[in-house]
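Enquirer: Build me a model from this:
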Amino acid sequence: MNKIGGIIIGVLIIGIHFVSAQSVPKKNILLICIDDLRPELKSFGADYIHSPNIDALANRGRAFRSHYVNSPSCGPSRYTLLTGLYGPPGNNALFQRAEKLKSNPQDVKPSMPEWFRTNGYTTVSVGKVSHHPGGRGGDDWDDDTVIEMPNAWDRHLMPVGEWQHPRGSMHGLAHGEIREGRGTMDVYQSVEGEANIYPDGLIVETALEELEALASDKEQPFFLAVGIIKPHLPFGAPKKYYDMYKDVELPVVPHPEKPEGLSTWHGSGEFNQYNRWGKDAREDAEFALEVRRHYAACVSFADAQVGRIMAKLKETGADKNTIVIVWGDHGWNLGEHGIWGKHNLYNEALHSPLIIDYPNMKKRGKNSRAIVETVDIFPTLCDLAEVKKPDFVVGQSLMPQIKKPKRSGHPALAYNNKATTVRTDEYRMIWHKDGGVELYNEIQDPYEVKNIALENQAVVEALKRIVKEKGK
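Expert: Have a look, this model is predicted:
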């Protein structure tokens, strides 16, 4: 072969490789956010729960059994998911970011959906993805001039139906009932009917329409985020889901006592905003059991909505090229530590499900028990989608644990407006702003009952250093 012929063949080979590389479509992303979902799933060890659709994902993908959120409230937890950064502790965290973007845009890093949008993705959110369903502010959360996440979404949608507006849907019960004031709406409810009698039915219906349209464009990758509201208070779901638990014996709450001494205990203010018929779940065992049954019903209702989304994904054929994430925005205390709600820094409020599935995953169905945190999701999605990772995120990619489920993780940070906590395999330390410290041995005391900070000062100091290194 002469020299010219060799050059021509070389150029052709390079061209073939270039065309081949260009023809490989980018992976789509489907992010499903579920509000107030603790690991109350059969695949996470709650045998009495009916959750076949999320369980199927866990059995097919990688379930992270020791995932902890970075804040035990909706707004700040979603801030960490959507930015890859630790942030303010209040529910207005993303609105604060939006205001800063107006005044000092150079100081605000791109959000996760914005990052993917600038990398060629069509980005769509439906339902409660940021704190306000639909991602807008104003009196009824529907003001197009007050955007929670500027530059993030090509479309951010929130169907409201009978609930009139997103604020109504957020705290809505069946057939358009809206919470009008403290104590006016029942804390739980079950009504005969199908999914669309509750707001989540309409959210998922819109998500299915979006998914079908996005999947039809074979050239353009999509980032679709769907936010399911239940099991957020009030605990309302179609009656058929409650009926699954009417005669089910639920396990005893393992540590229902209010903590003594220093703690992040609170008086369950969010729970107490609803009509409880004069009953106190901390003193009335039968009422407490009914609350737990209705929470379980909401979990099964949310699971059914995940099933609808996954069925549509498969129907479109996009499942063959889509990364799927199911994420609970935080946990929820169902009587543990004498708390009915979230907003505390115990395991129950911070531990939530995380499941990742993607095409051609190896070692499918193997659980990871590595300690991981919500800020890890942004860099992980970049790795999975083969999109350049930003250098500003504070999380760590979970690719090592996805490839090798037995790989260890790293300390998980969380915070509220009064304290900061760090969770390791062996310990949880809670460091209060007034200087007080709680320390629990997670191996010997998994329910975090005995504070051992005083007799373990060396451990406390080591964990304080981790908090400082993480910059919180």
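Enquirer: The stretch 51-200 of the chain: helices as residue ranges?
Expert: With DSSP state H, counting those that start in this stretch as the criterion, the stretch 51-200 of the chain has helices at 52-60, 74-83, 93-103, 112-118, 166-170, 199-216.
Enquirer: Could you dump the ones you listed into CSV and include mean pLDDT, distance to Val459 and mean neighbour count?
Expert: Heads up, the C-betas are built off the backbone N, CA and C, glycines and all. Below are these laid out as CSV (pLDDT from 0 to 100; distance: least, Cβ to Cβ, whole Å; neighbours: other Cβ atoms under 10 Å):
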stretch, mean pLDDT, distance to Val459, mean neighbour count
helix 52-60, 98, 33, 20
helix 74-83, 98, 26, 27
helix 93-103, 97, 31, 17
helix 112-118, 98, 34, 21
helix 166-170, 97, 41, 23
helix 199-216, 98, 43, 21
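Enquirer: wait, what's in contact with the nearest residue to Met158 once chain neighbours are set aside?
Expert: Leaving aside its sequence neighbours, Met158 sits nearest to Gly134 (Cβ to Cβ, 6 or more residues apart in numbering; 2.8 Å). Listed by Cβ atoms under 8 Å, 6 or more residues apart in numbering, the contact set of Gly134 reads 127, 141-142, 156-158, 166.
Enquirer: still on that earlier bit, JSON lines for the helices of the stretch 51-200 of the chain, including distance to Lys363?
Expert: Formatted as JSON lines, the helices of the stretch 51-200 of the chain follow (distance: least, Cβ to Cβ, whole Å):
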{"stretch": "helix 52-60", "distance to Lys363": "11"}
{"stretch": "helix 74-83", "distance to Lys363": "25"}
{"stretch": "helix 93-103", "distance to Lys363": "35"}
{"stretch": "helix 112-118", "distance to Lys363": "26"}
{"stretch": "helix 166-170", "distance to Lys363": "39"}
{"stretch": "helix 199-216", "distance to Lys363": "27"}
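Enquirer: Quick check: which of the ones you listed is nearest to Val248?
Expert: Nearest to Val248 among these is helix 52-60; the distance by Cβ to Cβ comes to 15.5 Å.
Enquirer: can you list contacts of that closest one?
Expert: Helix 52-60 is contacted by residues 41-44, 303-304, 306-307, 310, 324, 326, 353, 355, 357, 361, 364-365, 367 when judged by Cβ under 8 Å, 6+ apart.
Enquirer: which helix of the protein spans the most residues?
Expert: For the chain, the longest helix by residue count, based on DSSP state H, is helix 285-316.
Enquirer: any idea how far that one is from the chain center?
Expert: Taking Cα atoms, centre = their mean, to the nearest Å, one finds the center of helix 285-316 at 15 Å from the center of the full chain.
Enquirer: cool, and stretch 76-84?
Expert: 9 Å.
Enquirer: any idea how the chain splits into domains?
Expert: Domain assignment of the chain by automatic domain parsing yields the ranges 27-410, 418-472.
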